[in-house]
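>>> Can you look at this prediction? I've put the sequence above it.
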Amino acid sequence: MIQLKKDHEIGAMRLAGGVASTVLREAAAFVQPGVTTLEIDQFAGERIRHHGGKSAFLGYRKYPCEICISVNEEVVHGLASGRQVQFGDIVSLDVGVRYDGYIGDNATTVAVGGCDPAVQRLLEVTENALDEALREALPGNKVVDISRAIQNCAEANGYSIVREFVGHGVGKKVHEDPQIPNFDDGSRRSPVLKPGMTLAIEPMINLGQRHVEVLEDGWTVVARDGLPSAHFEHTILVTDGEPEILTCPGNLPSEPREL
C-alpha cells in the first residue's frame, strides 16, 4: 500500500534527507587514492552520528555496514573492507539515514582523482538520467513515466539498465511501495503519482551489458561482464507541482537531536 505522507511526516523526512545528503557529500569528499572502503564506512558512520542520525542500513536484513560502498563493476550493496581505492576507480556511495523515525536515502558515484573519459561519461549520463526522472515526478503522471525517462536516457547513450534492482517508496521503512523500475516493465497498472508520495529514485546504469550477479558474500551486486556501473539517487516528495528533493543539504537540522 502506498502511503501519502502528512505534513509532520514530510517535515521529519526533510530533516532525515538533510542529514543523508550532508553525510553523502562529506563521504564523497573523503574518498581519495589509498583510503580503504572500511575507512570510508567508518567515517560516514561517525558523520551520521555527529548530525544526530542513525544508519538506516546497518543491521537492515543483517547488512553489516554503515553505508553501501561499491567500486568499479560493483553495482550496489558493496561491503566495506580493507580494499584501498586507487586513482581511476569509481566509487558508488549509498547513504541511508534514520532521523526522528524517518529515512533519507541518496547515492552518488565519484571518480577517485579522475577516471577514463568513457567512464566519466557514464557517470554524467547516469546523473542526467536521474534529472530526467525527476522531471517526470509530477502529480497525475505514473511511476512508469519515471522509469521510461531513465531508460530512454541510458539507452540513447548506449548504456544498459540494471533490471533486478529498483527504486522504491521510502518513509518510516527503507523500502515502501511503490517499486520504481529504471525501465518500462510493460505493466498496465503503474501507480499514479499523487502529492504526499515520497520516493527514492535511483538509476543504476552499466557501461556494458545489463546482466548482474551477487557475489558469495551475499550482498555485493556486480556487473557480470566486469565493466563499470554507476548509481545516483535522491529521495523526493511529489507535490502539487514540481517535485521537492528531500535529500538536500539545506534541510540539515540546525540542532541535531540526541540518538
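Yep, it's here. Residues are numbered from 1 along each chain as shown.
>>> would you list every one of the helices in the stretch 101-250 of the chain?
Assignment of helices within the stretch 101-250 of the chain using DSSP state H, counting those that start in this stretch yields the ranges 117-135, 143-156.
>>> Show me the shaky parts of the stretch 151-259 of the chain.
256-259 (pLDDT under 70).
>>> Let me know the outermost residue of this protein.
No residue in the chain has its C-alpha farther from the mean C-alpha position than residue 188, which lies at 26.2 Å (C-alpha atoms, centre = their mean).
>>> so where's the longest helix in this structure?
Scanning the chain for the longest helix, with DSSP state H as the assignment, gives helix 7-30.
>>> Just the CA atoms of that one, as CSV, please.
Provided in CSV are the C-alpha atoms of helix 7-30 (Å, rounded to 0.1, in the frame of the first residue of the first chain):
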residue,chain,number,x,y,z
ASP,A,7,2.8,17.4,6.9
HIS,A,8,4.6,16.4,10.1
GLU,A,9,6.0,13.3,8.4
ILE,A,10,7.2,15.4,5.4
GLY,A,11,8.9,17.7,7.9
ALA,A,12,10.7,14.8,9.5
MET,A,13,11.7,13.4,6.1
ARG,A,14,13.2,16.8,5.2
LEU,A,15,15.5,16.6,8.2
ALA,A,16,16.4,12.9,7.5
GLY,A,17,17.1,13.9,3.9
GLY,A,18,19.2,16.8,5.1
VAL,A,19,21.4,14.6,7.2
ALA,A,20,21.7,11.9,4.5
SER,A,21,22.7,14.5,1.8
THR,A,22,25.2,16.2,4.0
VAL,A,23,26.9,12.9,5.0
LEU,A,24,26.9,11.8,1.4
ARG,A,25,28.8,14.9,0.4
GLU,A,26,31.2,14.6,3.3
ALA,A,27,31.9,10.9,2.5
ALA,A,28,32.4,11.7,-1.2
ALA,A,29,35.0,14.4,-0.2
PHE,A,30,36.7,11.8,2.0
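>>> Now for the nearest residue to residue 159 once chain neighbours are set aside, how many residues are close by?
The shortest distance from residue 159 to any residue other than its chain neighbours is 5.0 Å, reached at residue 205 (C-beta to C-beta, 6 or more residues apart in numbering). Every residue, glycine included, has its C-beta placed from N, CA and C. Using other C-beta atoms under 10 Å, the number of residues around residue 205 comes to 30.
>>> Over to the one 3 residues further on?
As a burial measure, the neighbour count of residue 208 was computed by other C-beta under 10 Å and equals 16.
>>> cool, and residue 87?
Residue crowding around residue 87 was assessed by other C-beta under 10 Å; the count is 12.
>>> wait, it sits on residue 114?
Yes: between residue 87 and residue 114 there is a contact at 7.1 Å, judged by C-beta atoms under 8 Å.
>>> related to what we said a few turns ago, got the helices of the stretch 101-250 of the chain as JSON lines, with distance to residue 51 and mean neighbour count columns?
Formatted as JSON lines, the entries for these read as follows, by distance: least, C-beta to C-beta, whole Å; neighbours: other C-beta atoms under 10 Å:
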{"stretch": "helix 117-135", "distance to residue 51": "24", "mean neighbour count": "19"}
{"stretch": "helix 143-156", "distance to residue 51": "29", "mean neighbour count": "22"}
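>>> any chance of the ones you listed in TSV, with distance to residue 17 too?
Putting those into TSV (distance: least, C-beta to C-beta, whole Å) gives the following:
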stretch	distance to residue 17
helix 117-135	14
helix 143-156	18
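>>> Residue 218: which of those is closest?
Taking C-beta to C-beta as the criterion, residue 218 comes closest to helix 117-135 out of the helices of the stretch 101-250 of the chain, the separation being 25.5 Å.
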